[in-house]
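> my questions concern the predicted model and sequence given below.
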Amino acid sequence: MAIVSMLNRMRAFEDVSLLVLRLFVGSFLVWGVSDNLFRPEDMAEFVAFVQANGFAFPLAMAWISVCAQFVCGLLFIAGALTRWAALIMVFNFIVALIMVHLGDDYRGMFPVLALIFISLHFAARGAGAYALDKYIEARTSNAPA
């Protein structure tokens, strides 16, 4: 019973765990594409990768994916528009899974799958208490009709 009691007490840290997960995933997304945004030679290499994997309009697709990951990463960090950002990331990484990683073994697919499932969790749960979403929600629910 002591373990069950301890596990029940851990629920008090649910919003802290969501904050940490948002910061972790958001910073990974921002870090993962910042080289493409700020170093033209890295973006050119990514465009070539996108083209080699059979995407139509590789330049546009590369920019859309990079910008989506960067902006959604920032939104995850801030906890702003979290559910929308999460749905965009689900779509982005499902496309990556189908177009790039479908032939990989489970270990190779794991990072993309993890980003899909974490984003699905954010879409379903939201950002938690420590987020701009909570502040915006409180302000809009208190606004006069």
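Alright, I've got the coordinates.
> quick check, pLDDT for residue 69.
As summarised for this prediction, residue 69 has a pLDDT of 98.
> also residue 8?
The model's pLDDT for residue 8 equals 88.
> look up how far residue 21 lies from it.
Counting by CB to CB, to the nearest Å, the separation of residue 8 from residue 21 is 21 Å. Glycine gets a C-beta too; all of them are placed from N, C-alpha and C.
> neighbour count: these two, which is higher?
Between residue 8 and residue 21, counting by other CB atoms under 10 Å, residue 21 is the more crowded of the two (17 against 9).
> now name the helix or strand holding the more buried one.
Counting by DSSP states H and E, the element that carries residue 21 is helix 14-38.
> now do that helix: which elements does it pack against?
With contacts taken as 3 or more CB pairs under 8 Å, 6 or more residues apart in numbering; DSSP states H and E, helix 14-38 sits against helix 40-52, helix 58-78, helix 106-125.
> tell me which of the ones you listed sits most buried.
Counting by mean count of other CB atoms under 10 Å, helix 58-78 has the highest mean neighbour count of the helices and strands packed on helix 14-38, with a mean of 19.
> show me what the mean pLDDT comes to for the helix or strand that that one is followed by.
Helices and strands here follow DSSP H and E; after helix 58-78, the next one along the chain is helix 82-96. Mean pLDDT, helix 82-96: 98.
> then stretch 30-44?
Averaging pLDDT along stretch 30-44 yields 98.
> starting at the chain centroid, how far to it?
17 Å (CA atoms, centre = their mean, to the nearest Å).
> before we move on, what about stretch 120-128?
Relative to its chain's centre, stretch 120-128 lies at 10 Å (CA atoms, centre = their mean).
> neighbouring contacts of that stretch?
For stretch 120-128, contacts defined as CB atoms under 8 Å, 6 or more residues apart in numbering pick out 14-15, 18-19, 22, 76, 79-80, 82-83, 85-87, 90, 133-134.
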